[in-house]
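Peer 1: sharing a sequence plus its predicted fold:
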Amino acid sequence: MVAMAHKKTVKKIDQKFLVPGHTHLECDSDHALIEEKKKQAQEIHVPRDWFQVVRRAMKRKVTAKKEKFVWRDVVWLQHRRDLPTGIIGFKKSFNDEEEFSYLDMRRKRKVNIVFPPLQPAQTGPNRISSKKKAGLLSMLHLIDPDCHAFYHSLATDDARPEDEDPDIFPDSDIEDSEEEE
């Protein structure tokens, strides 16, 4: 949906799942709904109170034809520009002749979903500390000379304190203590 919102040239996105089940588990949405109902509950003191929360949360998704929707049966999802945002086509087979059924993923209020503009994750090359670069350059004798230029061209960020570099372990005296024994 985000790709279609930001890329006007994308008219349709097909997602096909070649194995039964996929990363979205049917129970994930149930757990989220239970959590939401828990926030609305006055107090929860005994198991019966949890039963009431779960009972209020058990509203199953149904298709546009009012049939029960089961995620594990879906093998093909289709997002189309000509459908309102949040309406998803799906099939339970890979048969091209079969018509898509539709599922409304929007909340009860049927509001349009607005996606904020996408921002680049970064604007330049990844930078490493000077200490890390020096360590890499010290091992160039182990690397094919054709690759040396790559390591010499690595950008450094001397403004980053070395203790913030996640790939450099803090100095320790483990080696010293082992040598002493």
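Peer 2: Thanks, I have the structure now. Numbers count the residues shown, from 1 in each chain.
Peer 1: how about the strands of the chain, start to end?
Peer 2: Taking DSSP state E to define them, one finds strands in the chain at 12-16, 76-80, 87-91, 101-104.
Peer 1: out of these, the one nearest residue 153 is which?
Peer 2: Distances from residue 153 to each of the strands of the chain were compared using Cβ to Cβ; the shortest belongs to strand 12-16, at 37.2 Å. In short, each C-beta sits where N, CA and C put it, glycine included.
Peer 1: just the helices in this protein please.
Peer 2: Assigned by DSSP state H, the helices in the chain fall at 2-6, 26-40, 47-57, 130-137, 148-152, 174-180.
Peer 1: which one, of the strands of the chain, ends up nearest to residue 68?
Peer 2: So among those, strand 101-104 is nearest, using Cβ to Cβ, at 11.1 Å.
Peer 1: so which elements touch the closest one?
Peer 2: Strand 101-104 makes packing contacts with strand 87-91 when contacts are defined by 3 or more Cβ pairs under 8 Å, 6 or more residues apart in numbering; DSSP states H and E.
Peer 1: average pLDDT for the strand it packs on?
Peer 2: Averaged across strand 87-91, the pLDDT comes to 90.
Peer 1: hang on, the earlier thing: dump the strands of the chain into a markdown table; add distance to residue 40 as well.
Peer 2: Formatted as a markdown table, the entries for the strands of the chain read as follows, by distance: least, Cβ to Cβ, whole Å:
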| stretch | distance to residue 40 |
| --- | --- |
| strand 12-16 | 33 |
| strand 76-80 | 31 |
| strand 87-91 | 27 |
| strand 101-104 | 23 |
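Peer 1: shaky segments in this structure?
Peer 2: Along the chain, segments meeting pLDDT under 70 span 19-31, 45-47, 51, 55-60, 107-113, 159-181.
Peer 1: wait, residue 151 touches residue 134, no?
Peer 2: No. Using Cβ atoms under 8 Å, residue 151 is not in contact with residue 134, being 10.6 Å away.
Peer 1: and those two? Which one has more around it.
Peer 2: Here residue 151 and residue 134 are compared on neighbour count by other Cβ atoms under 10 Å; more neighbours surround residue 151, at 13 against 10.
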